[in-house]
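Enquirer: My questions concern the predicted model and sequence given below.
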Amino acid sequence: MKSALLVGWIVLLGIVTLASTYTLSETEQVVITQFGRPVGGVIATPGLHLKTPFVQEVHRFDKRWLEYDGDPNEIPTRDKKYIWVDTYARWRIADPLRFYQAVKDEIGGQSRLDDIVDGQTRYAIASFDLIEAVRSTNREFELTEELQGIGSEEARAKIVTGRAEIEKIILDKAAKITPEFGIELVDVRIKRLNYVESVQQKVFERMISERKRIAERSRSEGQGRAAEILGEKEREVRSASSAGYRQAQELKGKADAQAIAITARAFGRDPDLYQFLKSLETLNATVDKETWMVLSTDSEVLKFLKGSSPGASR
């Protein structure tokens, strides 16, 4: 019985000891509350600390810089262009006691930053044209031929403020509000800008139309060049054909002349024989078995048909 009682006292003592101590790391800071009210101020010294067991409660807060990543918001610019703006920021809990009293925990802090950063972002974006939120400097840049016409005039517009300055405006105004909640805001950036779907579709249609125009121009230039190449080829073919034909006719003429000369020399030795052969060729070309011929008595052809020839008397 005594041993059981002793064990119970030891267990109770252990529970009380654990409930009355807590450990703080280098990255943490603590606010102690008693019945829901903060007591003793902020504790930021690492190590083992004591508190009243079962009465006081430990609320831990991170000392490090924390990340805020906001949701994209649809915002109109000064030139009436609706865009999605996605922002992010860096912040830390600078005053844990005020932070606890104002927002309780990090979830509440993120929610409060949503209101502050998004509100200042909406105000800043609506105060400037879209080009101001896109570009940061007026540096010279060259548009390629393919990009001519696709927002080129808008892209060349001179900016006065610029994206970096807009981000600074958001940070400065938001950083004046966050200390009320124990928050120190150190940086705000625009992570992404994009057109809303309706405007984006119009931009895409304009880009597609411009690309088609460029493609049609390139296609027309290509067809013109192809026609030029085909024309040159046709001229070359005709020139080569003409030269070949002329050369062939020259060769044929020389061959015919040689053939005629050879024939003339051959038949010049016996003119009567030449006349006889020509007559036979004529008869062969004009007479068949059903042909009727009317010849005079002095016709040379009749003489050949009778079996006599002009040289028969010789």
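Expert: Perfect, I can see it now.

Enquirer: Please give me every residue in contact with T27.
Expert: By CB atoms under 8 Å, 6 or more residues apart in numbering, the residues touching T27 are 62-64. Yep, even glycine has a C-beta here, placed from its N, CA and C like the rest.

Enquirer: Show me which of the residues you listed is closest to I107.
Expert: The closest of the contacts of T27 to I107 turns out to be D62 (CB to CB; 12.5 Å).

Enquirer: Count the neighbours of the closest one for me.
Expert: By other CB atoms under 10 Å, the residues close to D62 number 13.

Enquirer: Please report the distance of it from V186.
Expert: According to CB to CB, to the nearest Å, D62 and V186 sit 14 Å apart.

Enquirer: Contacts only, for V117.
Expert: For V117, the contact set (CB under 8 Å, 6+ apart) comprises 68, 70, 87, 89, 170, 174, 185, 188.

Enquirer: Compute the first-to-last residue distance for stretch 92-112.
Expert: End-to-end distance of stretch 92-112 (CA to CA, to the nearest Å): 13 Å.

Enquirer: Residues in contact with that stretch: which ones?
Expert: 29-31, 33, 38, 41-42, 59, 61-66, 68, 91, 178-184, 186.

Enquirer: mean confidence for it?
Expert: Averaging pLDDT along stretch 92-112 yields 94.

Enquirer: same question, stretch 294-302
Expert: For stretch 294-302, the mean per-residue pLDDT is 70.

Enquirer: need the next SSE after the lowest-mean-pLDDT helix or strand in the chain, C-terminal direction.
Expert: Least confident helix or strand, the chain: helix 152-155 with a mean of 61, by mean pLDDT, DSSP states H and E. Using DSSP states H and E, the next helix or strand after helix 152-155 towards the C-terminus is helix 163-175.

Enquirer: helices and strands around that next one, which ones?
Expert: With contacts taken as 3 or more CB pairs under 8 Å, 6 or more residues apart in numbering; DSSP states H and E, helix 163-175 sits against strand 82-93, helix 106-125, helix 130-134, strand 183-195.

Enquirer: what comes up buried for the first one?
Expert: I take that to be strand 82-93. Neighbour counts over strand 82-93 (16 or more other CB atoms under 10 Å) mark 83-87, 89, 91-93 as buried.

Enquirer: just the last one next, same as before
Expert: Going by neighbour count (16+ other CB under 10 Å), the buried part of strand 183-195 is 183, 185, 188, 190, 193, 195.

Enquirer: Then stretch 66-85?
Expert: Buried residues in stretch 66-85 (16+ other CB under 10 Å): 66, 68, 70, 73, 75, 77, 81, 83-85.

Enquirer: for stretch 103-115, same thing?
Expert: 103, 109-110, 112-113.

Enquirer: And for stretch 195-202?
Expert: Y195.

Enquirer: same thing with stretch 121-140?
Expert: Applying 16+ other CB under 10 Å to stretch 121-140 flags 121-122, 124-125, 128-135 as buried.

Enquirer: can you redo these as TSV with distance to P53 and pLDDT?
Expert: Shown next, in TSV, are the buried residues of stretch 121-140 (distance: CB to CB, whole Å; pLDDT from 0 to 100):
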residue	distance to P53	pLDDT
T121	47	95
R122	49	94
A124	51	95
I125	53	95
F128	58	94
D129	62	91
L130	60	88
I131	63	88
E132	59	91
A133	56	90
V134	59	87
R135	61	86
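
Enquirer: Nothing else from me, thank you.
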